[in-house]
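Visitor: build me a model:
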Amino acid sequence: MSIQDLLSSPESKNLEFKEVMPSNLSIAKTTCAFANGGGGSIIIGVADKDRTLTGINELDIPELEEKISNIIYTIVEPTPAFNTMVYNIKGKLLLKIEIFPGSLKPYHLKSKGEVEGTYIRLGPTNRKADIDIIEELRRRRMNIGFDEIEIMEASVDDLALENIELYIKKREKARDIPVAEPNTAFLNKIKAIKQQNGTAHPTVAGILLFSNEPENFIPGAVVKCARFMGNDMDEFIDQRIITGSLFTQAEETIAFFKKNIRRSAKIEGLYRTEDYEYPEKAIREVVVNALCH
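Guide: Predicted coordinates for the structure are as follows:
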């Protein structure tokens, strides 16, 4: 993105304006937050509220660049990749600090350590990361997805054979993949289980897809449906908590939705056709996307 595009944009998860050089700690926190996310730019010499160009003194630039480098190298750990550039916009000199997305997450304040010194970006502000976010950043560093984490409290016996067979059938129909045997080797191949030291435990994906009671191992792994009276949530007309594998949750959530929306009917020739208030394909797409994410 060009400097002109940045200046016409509001502060965000990857952009911050500073009228003057901020404190060392402020620079370090923002650097951590940008490196832990998708990168970002700090532009010095711009008022953050109305983006008025105030500029910085040309004679101060070498000292500022050296100071910024010292802050990042001495306060932030690991050291992220960054770059500084000077722009002359309408006769005003601006200093841009560009922080690149890091591959060694979590980036944190060296003096505080990972648990107390890791920061992330939420909108235009820096927030201290909680332990769950720190763990997620560590997994990104190791290129391990959340769904690949082992659930040590569960065993392969907690995966229902009928759900595995259903998955294999759906996979064949949707992607024309040959039918496989629903055995341990297959589960290991699709990362539904992990085997270490002669023992096997389901992963998060394995439990969500194949357990009939995923909520026993993953708190909140249910769908809560409700239809309320009016626009407030004070009184409901219908409600249900849907459990089971993701396949079951998807189908029963769609059924609940269809039960609680209006339908129209019309006669075409000798046949009566019904249409839902919302296209059934759209309902399915919304539900499946919500469950997957």
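Visitor: C-alpha only now, for contacts and for neighbours.
Guide: OK.
Visitor: ranges for the strands of the stretch 51-200 of the chain?
Guide: 76-77, 82-89, 92-99, 108-109, 119-122, 125-128, 193-196, 199-202 (DSSP state E, counting those that start in this stretch).
Visitor: need the winner for burial among those.
Guide: Burial of these is given as mean neighbour count (mean count of other CA atoms under 10 Å); strand 108-109 ranks first at a mean of 26.
Visitor: from memory residue 111 sits against residue 77, does it?
Guide: No: counting by CA atoms under 8 Å, residue 111 does not reach residue 77; the two are 9.0 Å apart.
Visitor: and the strands of the stretch 51-200 of the chain, which one's lowest on average pLDDT?
Guide: Ranked by mean pLDDT, the strands of the stretch 51-200 of the chain bottom out at strand 193-196, which scores a mean of 86.
Visitor: pLDDT averaged over the helix or strand containing residue 287 - what is it?
Guide: According to DSSP states H and E, residue 287 maps onto helix 280-292. On average, the pLDDT along helix 280-292 is 89.
Visitor: what sits up against it?
Guide: 246, 250, 253, 254, 257 (CA atoms under 8 Å, 6 or more residues apart in numbering).
Visitor: one more time with 10 Å
Guide: Helix 280-292 has contacts (CA atoms under 10 Å, 6 or more residues apart in numbering) with 208, 221-223, 246-247, 249-251, 253-255, 257-258, 276.
Visitor: filter these down to the ones in strands?
Guide: By the criterion of DSSP state E, membership of those in strands covers 223, 276.
Visitor: going by distance to residue 93, which of the contacts of helix 280-292 wins?
Guide: residue 221 (52.8 Å; CA to CA).
Visitor: give the bridge partners for residue 118, please.
Guide: residue 108 (DSSP bridges).
Visitor: in the stretch 151-293 of the chain, which ranges drop under the pLDDT threshold?
Guide: Scanning the stretch 151-293 of the chain for pLDDT under 70 picks out no residues.
Visitor: now do the helices in it.
Guide: Under the criterion DSSP state H, counting those that start in this stretch, helices of the stretch 151-293 of the chain are mapped to 161-175, 184-189, 204-210, 246-259, 280-292.
Visitor: what's the answer for the stretch 1-150 of the chain, then?
Guide: Along the stretch 1-150 of the chain, counting by DSSP H, counting those that start in this stretch, helices occupy 3-7, 24-36, 61-75, 113-117, 131-141.
Visitor: tell me the most buried of those?
Guide: Of the helices of the stretch 1-150 of the chain, helix 24-36 is the most buried (mean count of other CA under 10 Å), at a mean of 24.
Visitor: average model confidence for it?
Guide: Here the average pLDDT along helix 24-36 is 96.
Visitor: which residues touch stretch 56-69?
Guide: 19-21, 24, 27-28, 44-46, 70-71, 73-75, 82-86, 92-97.
Visitor: so who does residue 217 touch?
Guide: 151, 152, 153, 154, 158, 204, 207, 208, 211.
Visitor: chain neighbours aside, what residue packs nearest to residue 15?
Guide: Excluding the flanking residues, the one nearest residue 15 by CA to CA, 6 or more residues apart in numbering is residue 41, at 5.0 Å.
Visitor: look at that neighbour and say how many residues are nearby.
Guide: For residue 41, the neighbour count with other CA atoms under 10 Å is 24.
Visitor: same check, this time on residue 171
Guide: Close neighbours of residue 171, defined as other CA under 10 Å, add up to 14.
Visitor: how about it: what's its closest non-neighbour residue?
Guide: Residue 171 sits nearest to residue 177 (CA to CA, 6+ apart), 6.3 Å away.
Visitor: that neighbour and residue 206: what is the separation?
Guide: 19 Å (CA to CA, to the nearest Å).
Visitor: more neighbours: the two, which one.
Guide: In this view residue 177 and residue 206 are compared by other CA under 10 Å, and residue 206 has more residues nearby, 28 against 12.
Visitor: what sits against residue 234?
Guide: Per CA under 10 Å, 6+ apart, neighbours of residue 234: residue 228.
Visitor: my bad, should have said residue 125
Guide: Here residue 125 is in contact with 11, 12, 13, 14, 15, 16, 30, 33, 119 (criterion: CA under 10 Å, 6+ apart).
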